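Enquirer: Provided below are the primary sequence and the corresponding predicted coordinates.
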Amino acid sequence: MSHWYRAPRAVSLRDLLARSKKSIIIDHSVPMDLLAELPEPAHAFADLRLNESVSYLEAVHLCQRSKGILLTAETAYIPLLSREARIPWGLILVPEARAAKVEALHRLATENLVFRPSVERHVIVELFRHNCVLVDVRSPTPVVSVLCQSRWFGRSR
């Protein structure tokens, strides 16, 4: 009997980030003392010598130049995912509350933050690497959205 219909295995977000080779860039909404909870490579705005007055667009362009994914609690970045989609970048949205932020970052670092993609692991890694992505970890089950620009899949908005 064929098993072609089986659902893909769960994937840890940490593993997905490592396989996609995206670096994590942390904005000012995440306190510096929480950086130890993150997997490598992770860089804070302070490490990159960016002050607190950096605009949303400047942060997006930094992510695009460094092939990064921005870790933030700021929901104002979400509309920029579709507007600034010419060069791939990403967004990891964490909760506002400090305790919830600590828990989400700890789960991400320890590979306990997993999701079940609708496609196989190698496909989601390629989609994650070459498109704009939104990873929402504000709830216990993360939501991963890919704004695909492939001519085969069409461009979602």
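Expert: Cool, got the structure.
Enquirer: contacts, neighbours, all on C-alpha from now
Expert: Fine.
Enquirer: packing partners for the helix or strand bottoming out on mean pLDDT in the chain?
Expert: None of the helices or strands of the chain scores lower by mean pLDDT, DSSP states H and E than strand 42-44, at a mean of 72. If contacts are counted by 3 or more CA pairs under 8 Å, 6 or more residues apart in numbering; DSSP states H and E, strand 42-44 sits against strand 23-26.
Enquirer: what pairs with the residue nearest the centre of the chain across the strands?
Expert: Centroid-nearest residue in the chain: Ile92, 3.7 Å away (criterion: CA atoms, centre = their mean). For Ile92, the beta-bridge assignment (DSSP bridges) gives partners Leu71, Val135.
Enquirer: so where's this structure uncertain?
Expert: Segments of the chain classed as low confidence (criterion: pLDDT under 70) are 1-8, 34-41, 45-52, 118-121, 149-157.
Enquirer: ok now whichever helix or strand comes after the least confident helix or strand of the chain, how far from the chain's centre?
Expert: For strand 42-44, the succeeding helix or strand toward the C-terminus, using DSSP states H and E, is helix 56-65. Helix 56-65 sits 14 Å away from the centroid of its parent chain (CA atoms, centre = their mean, to the nearest Å).
Enquirer: Ok, stretch 142-151 next?
Expert: Taking CA atoms, centre = their mean, one finds the center of stretch 142-151 at 11 Å from the center of the full chain.
Enquirer: So which residues of the protein form strands?
Expert: Using DSSP state E, the strands of the chain run over 11-12, 23-26, 42-44, 68-72, 90-93, 114-115, 132-136, 143-147.
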